[in-house]
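**Student:** Okay, sequence plus prediction incoming.
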Amino acid sequence: MSTQAATKWAIDGAHSEIGFKVKHLMITNVAGKFDKFTGSVEAEGDDFVNAKISFTAEAASVNTGQPQRDGHLQSPDFFDVAKFPHIKFESSKLEKVSGSRYALTGNLTVREVTKPVTLDVEFAGLAKDPYNNTKAGFEITGKINRTDFGLNFNAPLETGGVLLGEEIKLQIDAQLIKQA
């Protein structure tokens, strides 16, 4: 049992991005991100092993660069932001795989559907910014199936296949700032 007090960290929204990609027309990926999110981490050591991670994104902040598509994603066909305003993640385990590679396991909640997910994490290390704040950098990737979370909208194509893929690729660049 460690006697070291837990260090609190917050996600630095100005230096982080919560992104995703999905297949469109079965031939290309369409990318998007969430512009408004918060997150916190409690870790006992600078290696973040066994850290407790909590994250919330505002579903209405989805941004694909196309306002009409973003409006559709906010509708009941997808995120239904009026009924389900938040996407949440709570970790259950962060374990070192090897070197700077980790596996992050936790519960992801979308549209009030909660499912366990495991994501790949690359820990880029610690650094001091010009204001003497301690920062930690992470690249987090993974895949989820959108239909597992009730995001079922699709349309068949006359050439075969469907409009949207079910697999969502997650690409998260997170910079944390150590709290005083």
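**Tutor:** Here it is on my side, so go on. Numbers count the residues shown, from 1 in each chain.
**Student:** ok, so what distance separates residue 133 from residue 164?
**Tutor:** 40 Å (CB to CB, to the nearest Å). The way it works is simple: take the backbone N, C-alpha and C, and place the C-beta from them, glycine included.
**Student:** Looking at those two, which has the bigger crowd around it?
**Tutor:** Neighbour totals were compared for residue 133 and residue 164, and residue 164 leads with 19 against 13 (other CB atoms under 10 Å).
**Student:** That one pairs with what?
**Tutor:** residue 24 (DSSP bridges).
**Student:** For residue 24, see how far away it is.
**Tutor:** 6 Å.
**Student:** next one: residue 84
**Tutor:** From residue 84 to residue 24 the distance is 23 Å (CB to CB).
**Student:** Could you report the pLDDT at residue 154?
**Tutor:** You'll see residue 154 listed with a pLDDT of 68.
**Student:** Give the helix, strand or coil label for residue 68.
**Tutor:** Three-state call for residue 68 (DSSP: H, G, I helix; E, B strand; the rest coil): helix.
**Student:** Give me the number of neighbouring residues for it.
**Tutor:** 8.
**Student:** again with residue 36
**Tutor:** Residue 36: 14 neighbours (other CB under 10 Å).
**Student:** Contact partners for it?
**Tutor:** Residues counted as contacts of residue 36 (CB atoms under 8 Å, 6 or more residues apart in numbering) are 13, 57, 58, 60, 61.
**Student:** So which of those sit within strands?
**Tutor:** 57, 58 (DSSP state E).
**Student:** Nearest to residue 71, out of the contacts of residue 36: which one, please.
**Tutor:** Set against residue 71, the nearest of those by CB to CB is residue 60 (10.1 Å).
**Student:** mind listing what the closest one touches?
**Tutor:** Applying CB under 8 Å, 6+ apart, the residues contacting residue 60 are 36, 74, 79, 81, 85.
**Student:** Which secondary structure state does the third one sit in?
**Tutor:** It stands for residue 79. What three-state DSSP gives for residue 79 is coil.
**Student:** Identify the residue spatially nearest to it, adjacent ones excluded.
**Tutor:** residue 59 (4.2 Å; CB to CB, 6 or more residues apart in numbering).
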